[in-house]
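Visitor: Everything below, folded, please.
(one chain, ligands or ions: 2)
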Amino acid sequence: MELRVEKICKSFGEKQVLKDVSFTVNPGETLAFVGTTGSGKTTIISLISRFYKPQKGEILIDDVNIQDYAMKSLRRAIGVVMQDVFLFSGDINYNIRLNEESISLPQVVEASKYVNAHHFISGLSQGYSHEVKERGATFSSGERQLLSFARAIAFNPQIMVLDEATANIDTQNELIIQDSLAKISEHRTTLIIAHRLSTIKHADGIIVLHNGRIREKGTHDELLAVDGIYRKLYELTAV
Ligand SMILES: Nc1ncnc2c1ncn2[C@@H]1O[C@H](COP(=O)(O)OP(=O)(O)O)[C@@H](O)[C@H]1O
Ligand SMILES: [Mg+2]
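Guide: Ligands and ions are numbered 1, 2, ... in the order given. Next comes the predicted model:
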């Protein structure tokens, strides 16, 4: 599926957060967003998941405006992974399949294996029946992220939208998560907000957002070749 955003503007009160933002994620490709805190990255994801409506502009999936989708079909088409993973009381199985009872336990296990979450789940006393306590506070941020990936994959959406977690993740988990992200985005239209630039070196395209506007656009190599914002961000993080 193709995801196209055309000239969206979004304000919260007087504050204009996105100004004429347009881009297309081609079917099967990965488009990454980078930009400093407050540049509007999460707002883009919230608009795509129809959490808010833009004041101007359109968001289209295969030429159909997302406002014209039934909420249920939209939820099927787009998998959303937000920075803060929301875990519920209930067991691990429930936290992955949520209320979708047509997703069987073998499918939950398969999704978990695919995103490298099976290993840590198997280590829990009750495995997939392990009860999640205190909204998952007993898990590390890396483990919570892997659970959210398993949840997203279990629903097998055609478009995946991800806000990469910023929380500190140790090097071991970081490698696992990089591998999971690569698998999630494989052959799937993917929009990812990346906080670690290492995540997006292989993206088909990268967009640099600054104060709600698109400032630079290109591949990793193309953007490094320009002496701009991306290059500065890269030099700051790649110490
Ligand atoms: N619900 C909201 N109400 C008011 N202001 C908001 C809301 N959501 C985001 N903002 C503001 O919009 C700007 C962009 O936020 P956000 O999209 O979260 O940026 P990023 O994800 O790039 O850090 C920030 O200045 C933020 O304070
Ligand atoms: Mg954000």
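Visitor: Is residue 54 in a helix, a strand, or coil?
Guide: The three-state label given to residue 54 by DSSP: H, G, I helix; E, B strand; the rest coil is coil.
Visitor: what sits against it?
Guide: 8, 9, 10, 18, 47 (Cβ atoms under 8 Å, 6 or more residues apart in numbering). Yep, even glycine has a C-beta here, placed from its N, CA and C like the rest.
Visitor: Is residue 157 in a helix, a strand, or coil?
Guide: Applying three-state DSSP: residue 157 is coil.
Visitor: Which positions within the lowest-mean-pLDDT helix or strand in the chain qualify as buried?
Guide: Every helix and strand of the chain was ranked by mean pLDDT, DSSP states H and E. The lowest is helix 171-185, at a mean of 87. With burial defined by 16 or more other Cβ atoms under 10 Å, the residues of helix 171-185 counted as buried are 173, 176, 177, 180, 181, 184, 185.
Visitor: now it, how far from the centre of its chain.
Guide: 13 Å (Cα atoms, centre = their mean, to the nearest Å).
Visitor: Go ahead and list the helix or strand containing the spatially most central residue of the chain.
Guide: Centre of the chain computed as the mean C-alpha position; nearest residue by Cα atoms, centre = their mean is residue 162, 0.3 Å away. Assigned by DSSP states H and E, residue 162 falls within strand 159-163.
Visitor: Note down every partner strand of that strand and its orientation.
Guide: strand 78-81 (parallel), strand 189-193 (parallel) (DSSP bridges).
Visitor: And the residue of the chain found nearest ligand 2, how far from ligand 1?
Guide: Of the residues in the chain, the one nearest ligand 2 is residue 42, at a distance of 3.2 Å by Cβ to the ion. Counting by Cβ to the nearest ligand atom, to the nearest Å, the separation of residue 42 from ligand 1 is 3 Å.
Visitor: follow-up on the earlier one: most neighbours, which of the contacts of residue 54?
Guide: The most neighbours of any of these, using other Cβ atoms under 10 Å, belong to residue 18, which has 26 neighbours.
Visitor: For that residue, list the residues it contacts.
Guide: 8, 9, 10, 40, 43, 44, 47, 54, 212.
Visitor: Out of those, which sit inside helices?
Guide: Under the assignment DSSP state H, these contribute 43, 44, 47 to helices.
Visitor: Residue 138 looks like it's in a strand, true?
Guide: No: under three-state DSSP, residue 138 sits outside any strand and is assigned coil.
Visitor: What about it, how many residues nearby?
Guide: Residue 138, neighbours per other Cβ under 10 Å, totals 12.
Visitor: okay, it: pLDDT?
Guide: With respect to pLDDT, residue 138 has a value of 90.
Visitor: any idea how far it lies from residue 150?
Guide: 17 Å (Cβ to Cβ, to the nearest Å).
Visitor: same deal with residue 215?
Guide: Residue 215 sits 35 Å away from residue 150, going by Cβ to Cβ.
Visitor: And for residue 6?
Guide: Residue 6 is 33 Å from residue 150, by Cβ to Cβ.
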